[in-house]
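[1] Provide a 3D model corresponding to the input given below.
(2 chains)
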Amino acid sequence: MSAVVATSSRPVGATHPRSRPRQSIFRHHVMRAVICIVVFLVLWEIGSRLNAPWVGEVPAPSVVAEAWLPLLQDQGYWYSWYQSSRRVLSGFLVAMLIGIPFGLAMATSRVFHDITFPVFEILRPIPPLAWVPAAIIFWPTQELSIGFVIFLGAIFTIMLNVIGGARSIDLRFFQAARSMGSSNWDIFRRIILPGVLPSIVVGCEVGIGITWNVVVAAEMISGGGGAIQSSAGGGLGFFIWNSYIGFSYPLIVVGMISIGIAGYISSAIIRKLGLMATPWLRTR
Amino acid sequence: MSEVASGDGNVLRAGITAGEIEVSHVSKGYGDARFHTEVVRDCSFTIERNKLTVMIGPSGCGKSTLIRLLAGFEKPSSGTIAINGQPVTGPRRDRLVLFQESALFPWMNTWDNILYGPRARGETNKQTLELAEFLLNKVGLAQFRRKYPTQLSGGMQRRAELARAMINNPAVMILDEPFRGLDAMTKVLMWEYYAALFEETRRTNFFVTTDIDEAIFLADRLLIMSNMPTRVRTVLEIDLPRPRTQLDLVENDRANEIKMQALSILHEEAMKSFSRGSKAAADFVDAYSKRVSKA
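    Residues are numbered from 1 along each chain as shown, chains lettered A, B, ... in the order given. From the prediction side, this is the model:
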């Protein structure tokens, strides 16, 4: 009886064993990504130079790069990266710390669910941007207001995924566990928690993307500034807003791409951590 | 794989207190007064000690409901179920169920799945670990102890699940169409494997199926169920010698006689719901009438 399960989704021809420490940069999917980005930049450059409709309004990649290069040596720009990452991370972590237990409680207790669900459902559709004025009034410091708006961006997605994940656990797992003598706590620890973990990972992956979505709105609160005196220093979101006020369009694009890259890296890290936490899904 | 290593039956038999389940006048219905459906009506039978009792009936006749009642996941509307004279009040380790499709915990590897029950009850002593090791070898999965269920084939999953149940030493094992969905070859190997395991331990087993060949291959006693609301229609003692092989049964006159007898009853029961317009029953009649004409 054979039990060989395909563990590789690589295309035929790439026969490297998975344990190989450093993989070739010429792996197919890397190549495809590079080609796609290059084609995109070239089309954008041509469109911009030819003053094509819509694209012509956007500064060309070469212009953007020109504006970007000096920034790479600007401490303030990197401080913005640090600022935004710190805010996103703290808002996101608090969203996880509150959202996961809350979601689990809502999924496992009928009473708790019935009490909290209506409030949850009313608050959920309110966009984080709409919370900005209230956040400024509620919280004593600017940083807390920013963190709060970011937190709101992530928490509902995380909670919804936790609730949905717990609900979709196979009823037979509970029956089998109960028959074999599991206590409630044992079932929670060994059935519900691991059963819900894949959904938590998905919730976090989507959630951290949303936190980067709301970072611009959140950092409008900050009004710029920071420990390092530089016009580029108030966080990546503020950087975009500030560039817009100052009519420096290439810098807007720099800020946008920076946030895109930051979001990409964050999601990739969450995915990696998620796969480490759910080893049984890697075997599919 | 189909051979059970001999000579170590004592380890398996140790600690088994085979149970006997007495089902008397059990009824079970669902829904409120207006839309009440009675699935089981005044059903009585005994799952005898040290025997492999097989229940067969047309699909959708209420066998799975009976299993939930036996396991204690649900309570009967009326009537009583007792194991060794004690009334059944809820799920307990003395009656373990093997479900239709694999219910191995996907986040645990084979080893952790097998040890689930002992760990739940805080019984992970040296003796239990040795028994787990023994069972792992018994079901032929020693090399697959660190594999997750998705990495096992269908037959392996079923065997891992058998081990996960057996380590808890249930007084009665309840199996709900456990080999459904396996390919024909694996299925026959599983029959042989499972029958050998039973013959070695003589643990009380209750096996539910819709497959007449499976039923006759395995059973000491065969309960043929009526259509919904279900009750026992006929009990046949399958007195064929053990160990059985598939080839023996094909040529055995007694086996064919039993098969014909069972099929004609099943056919009659299936026709009842067929006349009421059940799609499931129509399929059933179709499948079985082909086999009857061949036999």
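
[2] quick check: pLDDT value at the residue lying closest to A:Leu236 once chain neighbours are set aside.
    Ranked by CB to CB, 6 or more residues apart in numbering or on different chains and with sequence neighbours excluded, the top spatial neighbour of A:Leu236 is A:Ser84, at 4.3 Å. The C-beta positions use only the backbone N, C-alpha and C, and glycine is treated the same way. With respect to pLDDT, A:Ser84 scores 89.

[3] next one: B:Pro118
    According to the prediction, B:Pro118 has pLDDT 92.

[4] didn't the residue nearest to A:Leu236 look like it was pressed against A:Ile261?
    No: counting by CB atoms under 8 Å, A:Ser84 stays clear of A:Ile261, with 11.5 Å between them.

[5] out of those two, which sits in the busier spot?
    Ranked by neighbour count (other CB atoms under 10 Å in any protein chain shown), A:Ser84 and A:Ile261 place A:Ser84 first, with 28 against 12.

[6] distance of that one relative to chain B?
    For A:Ser84, the distance to chain B equals 35 Å [CB to the nearest CB, to the nearest Å].

[7] with adjacent residues omitted, what lies nearest to B:Thr210?
    B:Ser59 (5.3 Å).

[8] ok, now B:Arg221?
    B:Thr53 (4.8 Å).

[9] residues in contact with that neighbour?
    Residues in contact with B:Thr53 (CB atoms under 8 Å, 6 or more residues apart in numbering or on different chains) are B:47, B:204-207, B:219-223.

[10] again, 6 Å this time
    By CB atoms under 6 Å, 6 or more residues apart in numbering or on different chains, B:Thr53 lies in contact with B:47, B:206, B:221.

[11] selecting buried members of these in ChimeraX, what would you type?
    Per 16 or more other CB atoms under 10 Å in any protein chain shown, the buried members of those correspond to this ChimeraX selection:
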select /B:47,206,221
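
[12] out of the contacts of B:Thr53, which comes closest to A:Ile240?
    Using CB to CB, the shortest approach to A:Ile240 within those belongs to B:Phe206, at 68.3 Å.

[13] report the backbone C-alpha coordinates of stretch A:191-200 in CSV.
    Presented in CSV, the C-alpha positions along stretch A:191-200 are these (Å, rounded to 0.1, in the frame of the first residue of the first chain):
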residue,chain,number,x,y,z
ILE,A,191,-9.9,20.1,19.3
ILE,A,192,-11.2,23.7,19.1
LEU,A,193,-7.9,25.5,19.2
PRO,A,194,-6.0,23.5,16.6
GLY,A,195,-9.3,23.2,14.6
VAL,A,196,-9.6,27.0,14.5
LEU,A,197,-5.9,27.7,13.9
PRO,A,198,-6.0,27.7,10.1
SER,A,199,-8.8,30.2,10.2
ILE,A,200,-6.9,32.4,12.6
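
[14] hmm, A:Ala135 and A:Ser145 touching each other?
    Yes: A:Ser145 is in contact with A:Ala135 according to CB atoms under 6 Å; the separation is 4.3 Å.

[15] count of neighbours near B:Ala101?
    Small correction: residue B:101 is Glu, not Ala. B:Glu101 has 15 nearby residues by other CB under 10 Å.

[16] the residue lying closest to it once chain neighbours are set aside in helix, strand or coil?
    Excluding the flanking residues, the one nearest B:Glu101 by CB to CB, 6+ apart is B:Gly181, at 6.4 Å. State at B:Gly181, reduced to three classes by DSSP: H, G, I helix; E, B strand; the rest coil: coil.

[17] which part of the stretch 151-295 of chain B gets nearest to chain A, residue-wise?
    B:Gln151 (4.7 Å; CB to the nearest CB).

[18] and that residue, how far from A:Glu219?
    47 Å (CB to CB, to the nearest Å).

[19] for chain B, what's the longest helix?
    helix B:253-275 (DSSP state H).

[20] ok, B:Asn84 - contacts?
    Counting by CB under 6 Å, 6+ apart, the residues that B:Asn84 touches are B:Gly19.

[21] sorry, back to before: I'd assumed A:Phe238 was in contact with the residue nearest to A:Leu236.
    No: with contacts counted by CB under 6 Å, A:Ser84 stays clear of A:Phe238, the gap being 8.4 Å.

[22] next SSE after the helix or strand where the residue nearest to B:Arg221 lies?
    For B:Thr53, the element it lies in under DSSP states H and E is strand B:52-56. Going down the chain from strand B:52-56, the next helix or strand is helix B:63-71, by DSSP H and E.

[23] hmm, who's touching that next one?
    Residues from elsewhere that reach helix B:63-71 (CB under 6 Å, 6+ apart): B:28, B:39-40, B:57, B:74, B:76, B:91, B:95, B:97, B:174, B:176, B:208.

[24] now swap in stretch A:38-46 and tell me
    With CB under 6 Å, 6+ apart, stretch A:38-46 has contacts from A:60-61.

[25] in that stretch, what's buried?
    For stretch A:38-46, using 16+ other CB under 10 Å, the buried residues are A:44-45.

[26] for stretch B:37-51, same thing?
    Here stretch B:37-51 shows B:38-41, B:43, B:45-49, B:51 as buried, counting by 16+ other CB under 10 Å.

[27] tell me, which of the residues you listed make contact with chain A?
    With the criterion set as CB under 6 Å from any CB of the partner chain, no member of these is near chain A.

[28] closest to A:Phe174 among these?
    Once CB to CB is applied, the member of these that ends up nearest A:Phe174 is B:Val39, at 21.8 Å.

[29] so who does that closest one touch?
    With CB under 6 Å, 6+ apart, B:Val39 has these contacts: B:28, B:62, B:65, B:228-229.

[30] from those, which has minimum pLDDT?
    The pLDDT minimum for the contacts of B:Val39 sits at B:Met228, where the score is 76.

[31] list phi and psi for that residue.
    phi -70, psi 140 (degrees, to the nearest 10).

[32] which elements pack onto the helix or strand bottoming out on mean pLDDT in chain A?
    Here the helix or strand of chain A ranked lowest by mean pLDDT, DSSP states H and E is helix A:236-245, holding a mean of 83. On a contact count with 3 or more CB pairs under 6 Å, 6 or more residues apart in numbering or on different chains; DSSP states H and E, helix A:236-245 meets helix A:75-108, helix A:193-220, helix A:249-277.

[33] so where's the chain shaky on pLDDT?
    Just so you know, I chose chain A. A:1-26, A:222-233, A:284 (pLDDT under 70).

[34] let me rephrase: I mean chain B.
    Those would be B:1-15, B:273-295, if you go by pLDDT under 70 across chain B.

[35] contact residues of it facing chain A?
    Counting by CB under 6 Å from any CB, the residues of chain B close to chain A are B:73, B:91, B:93, B:96, B:99, B:103, B:106-107, B:116-117, B:120-121, B:148, B:150-153, B:155, B:168.

[36] pull out the buried residues from those residues.
    B:73, B:91, B:93, B:96, B:99, B:103, B:106-107, B:116-117, B:120-121, B:148, B:151-153, B:155, B:168.

[37] what ranges do the strands span in chain B?
    B:21-30, B:37-47, B:52-56, B:78-83, B:86-87, B:95-98, B:172-176, B:204-209, B:221-225, B:232-237 (DSSP state E).

[38] same list, the ones you listed, but as TSV with distance to A:Ile270 please.
    TSV is the format used below for the strands of chain B (distance: least, CB to CB, whole Å):
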stretch	distance to A:Ile270
strand B:21-30	44
strand B:37-47	47
strand B:52-56	49
strand B:78-83	49
strand B:86-87	51
strand B:95-98	38
strand B:172-176	40
strand B:204-209	45
strand B:221-225	52
strand B:232-237	56
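
[39] so what's A:Tyr249 up against?
    Neighbour list for A:Tyr249: A:Pro59 [criterion: CB under 6 Å, 6+ apart].

[40] what's the burial count for B:Leu115?
    For B:Leu115, using other CB under 10 Å, the count is 22.

[41] for it, which non-adjacent residue is closest in space?
    The nearest residue in space to B:Leu115 (CB to CB, 6+ apart) is B:Ala132, at 5.4 Å.
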